[in-house]
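Chemist: got a predicted model here, sequence first, then my questions.
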Amino acid sequence: MNQATILYGVQGTGNGHISRARLMASEFARLDVPVDYLFSGRAQAAYFDMEEFANRRFETGLSFKTHRGRIRKLQTLKNSKLLSCAREITALRTDRYKLVISDFEPTSAWAARLRGTPTLALGHQYALTQRAPMPQGDLFAKWIARHFTPANQRIGFHWHPYDSLTLPPMIDTTLTPISNSQSFTLVYLPFEELQETLTLLQQLRSEHFVVYSPDVSRETQSRNVSIYPLSKNGFRHHLQRCTRVICNTGFELIAESLHLGKPVLTKPLAGQFEQVANAMALKELQLASITPQISVLGLDKFLASTETRSRIIYPNVARELAEFCLQQADGTLAAEESHEALASLAQRLWSQLDQSASTESQAVGQAPALAAA
């Protein structure tokens, strides 16, 4: 096999980073670009459905600790294996690659900085600029967002073009809503206590819930709640067929739900800067229902009031971004041209977005007012 051209680092804490990497892996394979993948942020045994990443390795990296739906900063600091992470950074030979791509993954990014390897950072975090809604204060969180993964260039994704270099969400554009004879609500709250969530859902006996959780290893049924272990294909199946979605306020799942026209009730993870910022943007754009706490009353109100949304059909961001990355790696795009090329790419992708589609329509039409910069 040819020497890999690109090292692709992926933050393993949230599945959204991995979902993006899967899409990019498919496009790199289409372009016949050899890529090595590095994952960090969770135990190796906790990853699932990793077949797309043939040349993969796992490192310790850095992550955060949560308890009952809230970031625990002190526990995060205590559990951070900084010495192990520093050793991994020092040992990683990024100078063998023409380009390092980091999806909020610190080991690859800092190793590339140490060895002077060109680095491109991808992530929703990089779209949280001064123009995007953000909570005030929490200077530490803002510092982390800016310095956690150093790079020569950063590319952010958001639901709205708050900045000229911000791209639309990168999702699987083959996702389409599928009619289902049985109405059910899909629930994905990985940062909440599973038993507390089940206790709440079981009080709404007239509704069927499908819950995906990292805390179970097999499918079970508990009254009106079906519980499944994490699975890429299984989750996709239920997402396409569900009536509505309840989730924490990460980025990718909500983007997929908007693409499918699914109403969303979302609870931001308390103390997590990005999720609080996401909730502010969703409220400002009127794209989802926001709740600070999951409760029976709030769930009942959401179930009773939600109606089918119009779809926001996103373009194939991964396809064009993979080609942009290849230009960066093979040197056909000079450094001084990169900024202008990225701005042009962002404008082109936003012009393809269709917010006027009904849940039955899949055609791409005129760019909506939302896409105006």
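Modeler: Looks like it came in fine.

Chemist: C-alpha only now, for contacts and for neighbours.
Modeler: Will do.

Chemist: please name the residues that touch residue 91.
Modeler: Taking CA atoms under 8 Å, 6 or more residues apart in numbering as the definition of contact, residue 91 has no neighbours.

Chemist: now do the helices in the stretch 1-150 of the chain.
Modeler: All helices of the stretch 1-150 of the chain, identified by DSSP state H, counting those that start in this stretch, fall at 15-30, 73-79, 82-91, 106-115, 139-147.

Chemist: ok, and what's touching the longest one?
Modeler: Contacting residues not belonging to helix 15-30 are listed as 10-12, 34-35, 52-53, 103-104, 123, 170-172, 250-253, 318-319, 322 [CA under 8 Å, 6+ apart].

Chemist: quick check: bridge partners of the residue lying closest to residue 57 once chain neighbours are set aside?
Modeler: Excluding its sequence neighbours, the residue lying closest to residue 57 (CA to CA, 6 or more residues apart in numbering) is residue 38, at 5.0 Å. On the basis of DSSP bridges, residue 38 is bridged to residue 9, residue 57.

Chemist: residue 38 against residue 54, yeah?
Modeler: No: Residue 38 is beyond contact range of residue 54, at 11.0 Å (criterion: CA atoms under 8 Å).

Chemist: more neighbours: the two, which one.
Modeler: residue 38 (21 against 11; other CA atoms under 10 Å).

Chemist: would you mind measuring from the more buried one to residue 235?
Modeler: For residue 38, the distance to residue 235 (CA to CA, to the nearest Å) stands at 24 Å.

Chemist: what do you get for residue 56?
Modeler: Counting by CA to CA - residue 56 and residue 235 are separated by 23 Å.

Chemist: one more: residue 83?
Modeler: Residue 83 is 36 Å from residue 235, by CA to CA.

Chemist: the two: who's more crowded?
Modeler: Using other CA under 10 Å as the criterion, residue 83 and residue 235 rank with residue 235 on top: 17 against 9.

Chemist: excluding its backbone neighbours, what's nearest the more buried one?
Modeler: That would be residue 212: by CA to CA, 6+ apart, it lies 7.4 Å from residue 235.

Chemist: and the one helix or strand the one you found maps to, what does it pack onto?
Modeler: Residue 212 is located in strand 209-213, with elements delineated by DSSP states H and E. Counting contacts by 3 or more CA pairs under 8 Å, 6 or more residues apart in numbering; DSSP states H and E, strand 209-213 is packed against strand 185-188, strand 225-229.

Chemist: might you list the low-confidence residue ranges for this structure?
Modeler: 1-2, 62-81, 137-146, 356-373 (pLDDT under 70).

Chemist: let's see 80
Modeler: Along the chain, segments meeting pLDDT under 80 span 1-4, 14, 61-82, 136-147, 306-308, 334-336, 355-373.

Chemist: hmm, back to that, run a quick neighbour tally on the residue nearest to residue 235.
Modeler: Neighbours around residue 212, by other CA under 10 Å: 23.

Chemist: all strands of the stretch 101-250 of the chain, in order?
Modeler: 119-123, 153-157, 166-167, 185-188, 209-213, 220-222, 225-229, 244-248 (DSSP state E, counting those that start in this stretch).

Chemist: thanks a lot, see you next time.
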